[in-house]
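Trainee: heads up, no residue letters with this:
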């Protein structure tokens, strides 16, 4: 009932409620939340036996990628700031995990014995810094939020593609700074931040004095799944609350028309910096998880392709729409981690010899291209976003110009 | 009355001086830094300048592609670095096909290089035109960022084509005896690769400047850049003009690919990304849309890069990061570049 009223009230939207809207209205919001939580928990409990180890492993990484996509969605989807250097925050978060949860700083910080806060019996005897993963998650989110604001600050006066390129350059510089920290040109060379190209490994396993998290091993990956699921639940909660908050409305106002938003009293600097900071914090949050899940942090993980991969999730799902972004992230990262490796036999079968996973980014590039041509608003678009796009006015940019067809 | 208007015309000296400084701030900072380095270590700085100029010529050729395209449709052609990479791959493949090797006689090498240059330029040019036709033209009326994202997609596709073509780094035969010294100025040895870059690049640059500045087609390009609608009303085929622009950019990138391969003695599928970003920095530094600016920007970036490589600890790894930092500084503080033309982004 309400859907019809809504859609007639918005004349620019399609006359019929879209398929997505009709499905979304089958259950109230809390109903969907419960349903998905139940599916998530049921899969976590049974998926490993029922659907196999590979998919379960891919699923854990997917949960972390969903968190990152939701973080990028705040910057790109809500605030309309095209960020091509999101990998920088993944890198910072993962390195925070590397520093605080490994023997990397053995003998440098904390003397011979190291510093241990809330870690398991086994870890307690290792040198270096060993901090409980929950503290590290919070610390890394705060640290990357700070860096998000710092890196965002110079870009405040830029728009459109200049903004994109500057963020891209930051995304390239940050991993280099970690990699080359011992040979720094500006005197930062005394501290080794990353162990060069080798990276930091091993990283502590998560530990909490509750059943299931007391003695986590790499063989049994179920605890990791539930940690990631809990992190995702927090992230989703934060996202929904932010979207409906005063700040969230300010983001959307800035996205749609910066000048008008400023005229209405929106403080552009504050609003944009918050977008960068919160987006970055979620990147760091997921970065810590991937750091300890993969048991290694090294600079080769942080390339431009990853920024585009995450951007691809946001765009394909539907910029600005939380459900769309989650869908896009799940589909793309399962495609990357599960489907592509499974497809590896195909080139052999048709007489070609190459590794399908090696060309994953080419496949994503193709998705981006097709998506931008056919359906730039994504599969599950945000309604307002779709209207903007079909007015030819995404991210408050004017169309270049129209040229006669043919 | 007259005195008043005179006073308006001539601001106080202090203000004029401050304006002159702020208008030329990039020149002042870069010139000052170079002078400082030169006084500290003349020999090394002179070496860096010579190396930088020859590398800079390669960046200039690529930067022209960015600046031509941006000038006409305001799109950062993200796939341009990959067009350059494909040009390099074509040239490396052709050496084998034509049987060019280090022991081939000199006249044959010269002839062979001319043929290879023509073919790789043409390959890159046609590729760039096809990219425009397939990926950018359908989005002509769409928002600018949609086209930018498409360009990124295209860049990834081409990079993976390169990966499938040559999965591992490859080195072309050293046809020009890269490191053989030709002559010396002020104690700085000029090697054959420097000279080779100069000999190939300068005629191309002059030809391009002539084409854009003096011919009917160039006039159509400039008119389209200024106002596409008015250009169309004047009977200019805008689509064909845009295709021509992409063709020209691609031709330059193909030549740059050949020079880069022989100059650095290595080609790799991911070389286009960094090279593209460095060349884009050059284009922005010269003021994007400005052809001469792109050439000057390329040369300056070349010198900065070589200086960073030789002066910094672990310099060859740091140099790209230094160039990207310069990109950020220029885009944020002086988006109009060295020559001070305003852009719509600034």
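Mentor: Everything's here; your move. As the structure is a computational prediction, the values presented were derived from the model and not from experiment.

Trainee: Which residues of the stretch 101-250 of chain B lie near chain A?
Mentor: Contacts of the stretch 101-250 of chain B with chain A, taken as CB under 8 Å from any CB of the partner chain, map to B:135, B:138-150, B:152-157, B:159-161, B:163-164, B:167, B:228-229, B:232, B:238-239, B:242. In short, each C-beta sits where N, CA and C put it, glycine included.

Trainee: Determine the three-state secondary structure at the residue nearest the centre of chain B.
Mentor: The residue lying closest to the centre of chain B (CA atoms, centre = their mean) is residue B:63, at 2.2 Å. Secondary structure, DSSP: H, G, I helix; E, B strand; the rest coil: residue B:63 is helix.

Trainee: Am I right that it is in contact with residue B:294?
Mentor: Yes: contact criterion CB atoms under 8 Å: residue B:63 and residue B:294 qualify, at 4.1 Å.

Trainee: Can you name the residue of the stretch 101-250 of chain A nearest to chain B?
Mentor: residue A:183 (3.5 Å; CB to the nearest CB).

Trainee: residues contacting that residue?
Mentor: With contact set as CB atoms under 8 Å, 6 or more residues apart in numbering or on different chains, residue A:183 has these partners: A:189, B:312-314, B:317-318.

Trainee: Need the per-residue pLDDT for residue 322.
Mentor: Using chain A. Confidence at residue A:322, expressed as pLDDT, is 91.

Trainee: was after chain B, sorry
Mentor: Taking residue B:322 on its own, its pLDDT is 90.

Trainee: How many neighbouring residues does it have?
Mentor: 20 (other CB atoms under 10 Å in any protein chain shown).

Trainee: from the chain's centre, how far out does the helix or strand hosting it sit?
Mentor: With secondary structure defined by DSSP states H and E, residue B:322 is part of helix B:315-333. Chain-centre distance of helix B:315-333: 16 Å, with CA atoms, centre = their mean, to the nearest Å.

Trainee: Could you pull up the residues touching whatever residue of the stretch 201-350 of chain A ends up closest to chain B?
Mentor: Here the residue of the stretch 201-350 of chain A nearest chain B is residue A:308; by CB to the nearest CB that distance is 5.8 Å. Contacts for residue A:308 (CB under 8 Å, 6+ apart) come out as A:84, A:361, A:364-365, A:368, B:152, B:156.

Trainee: got it, and residue A:48?
Mentor: A:56, A:221-222.

Trainee: any idea how far it is from residue A:206?
Mentor: Using CB to CB, to the nearest Å, residue A:48 is found at 18 Å from residue A:206.

Trainee: and the next element down the chain from the worst-scoring helix or strand of chain A on mean pLDDT?
Mentor: Least confident helix or strand of chain A, by mean pLDDT, DSSP states H and E, is helix A:2-9 with a mean of 41. Where DSSP H and E defines the elements, the next helix or strand beyond helix A:2-9 is helix A:19-24.

Trainee: Quick one: mean pLDDT for the helix or strand following that next one?
Mentor: Next helix or strand after helix A:19-24 toward the C-terminus (DSSP H and E): helix A:29-51. The predicted model assigns helix A:29-51 a mean pLDDT of 86.

Trainee: Give the next helix or strand downstream of helix A:29-51.
Mentor: helix A:53-73.

Trainee: The one helix or strand residue B:199 maps to - contacts with which helices or strands?
Mentor: Per DSSP H and E, residue B:199 falls inside helix B:192-214. On a contact count with 3 or more CB pairs under 8 Å, 6 or more residues apart in numbering or on different chains; DSSP states H and E, helix B:192-214 meets helix B:42-73, strand B:181-185, helix B:216-226, helix B:238-264, helix B:291-311.

Trainee: mean pLDDT lowest for which of these?
Mentor: Per-stretch mean pLDDT for those is lowest at strand B:181-185 (a mean of 76).

Trainee: And the helices in the stretch 51-200 of chain B, which stretches?
Mentor: B:80-98, B:106-131, B:144-165, B:192-214 (DSSP state H, counting those that start in this stretch).

Trainee: do the stretch 301-406 of chain A as well
Mentor: According to DSSP H, counting those that start in this stretch, the helices that the stretch 301-406 of chain A contains are A:304-317, A:322-334, A:340-342, A:345-349, A:360-374, A:383-390.

Trainee: Ok, which of those helices comes nearest residue B:26?
Mentor: Of all the helices of the stretch 301-406 of chain A, helix A:304-317 sits nearest to residue B:26, with 26.6 Å by CB to CB.

Trainee: how big is the angle separating the closest one from helix A:53-73?
Mentor: 80 degrees (axes from the mean of the first three to the mean of the last three CA atoms, to 10 degrees).

Trainee: ok, the contacts of residue A:308 vs residue A:52, which is closest?
Mentor: Distance to residue A:52 across the contacts of residue A:308 (CB to CB) is lowest for residue A:364, with 24.4 Å.

Trainee: and the closest residue to that closest one other than its chain neighbours, what does it touch?
Mentor: Spatial nearest neighbour of residue A:364, excluding adjacent residues (CB to CB, 6 or more residues apart in numbering or on different chains): residue A:312 at 5.0 Å. By CB under 8 Å, 6+ apart, the residues touching residue A:312 are A:328, A:332, A:364, A:367-368.

Trainee: among those, who's most crowded?
Mentor: With neighbours taken as other CB under 10 Å, the top of the contacts of residue A:312 is residue A:328, carrying 28 neighbours.

Trainee: neighbours around the closest residue to that residue other than its chain neighbours, how many?
Mentor: Using CB to CB, 6+ apart and skipping residues adjacent in sequence, the residue nearest residue A:328 is residue A:317, 2.3 Å away. Neighbours of residue A:317 under the rule other CB under 10 Å: 28.

Trainee: Give me whichever of the helices of the stretch 51-200 of chain B is most buried.
Mentor: Sort the helices of the stretch 51-200 of chain B by mean neighbour count, taking mean count of other CB atoms under 10 Å in any protein chain shown, and helix B:80-98 sits at the top with a mean of 25.

Trainee: That one near chain A at all?
Mentor: No: in terms of CB under 8 Å from any CB, no part of helix B:80-98 sits within range of chain A; the closest distance is 10.1 Å.

Trainee: Quick one: distance of that helix to the chain centre.
Mentor: Computed by CA atoms, centre = their mean, the chain-centroid distance of helix B:80-98 equals 17 Å.

Trainee: thinking again about what came up before, what's the helix holding residue B:199 in contact with?
Mentor: Contacts with helix B:192-214, where a contact means CB under 8 Å, 6+ apart, come from B:50-51, B:53-55, B:57-58, B:60-61, B:64, B:68, B:117, B:176-182, B:217-218, B:221-222, B:248, B:251-252, B:255, B:258-259, B:262-263, B:291-292, B:295.

Trainee: How about stretch A:260-276?
Mentor: Here stretch A:260-276 makes contact (CB under 8 Å, 6+ apart) with A:74-75, A:78-79, A:81, A:83, A:148-149, A:151-153, A:156, A:247, A:250-251, A:253-254, A:258.

Trainee: How about the residue most central in space within chain A, nearest residue that isn't a chain neighbour?
Mentor: The structure's chain A has its C-alpha centroid closest to residue A:68; by CA atoms, centre = their mean the separation is 1.0 Å. Spatial nearest neighbour of residue A:68, chain neighbours left out: residue A:286 (4.6 Å); criterion: CB to CB, 6+ apart.

Trainee: State the helix or strand in which that neighbour lies.
Mentor: Assigned by DSSP H and E, residue A:286 belongs to helix A:268-294.

Trainee: swap in residue A:130?
Mentor: Following DSSP H and E, one finds residue A:130 within strand A:129-131.

Trainee: Counting by contacts, list what that strand packs against.
Mentor: helix A:87-100, strand A:101-102, strand A:115-117.

Trainee: how about a cut-off of 10 Å?
Mentor: helix A:87-100, strand A:101-102, strand A:115-117, helix A:133-152 (3 or more CB pairs under 10 Å, 6 or more residues apart in numbering or on different chains; DSSP states H and E).
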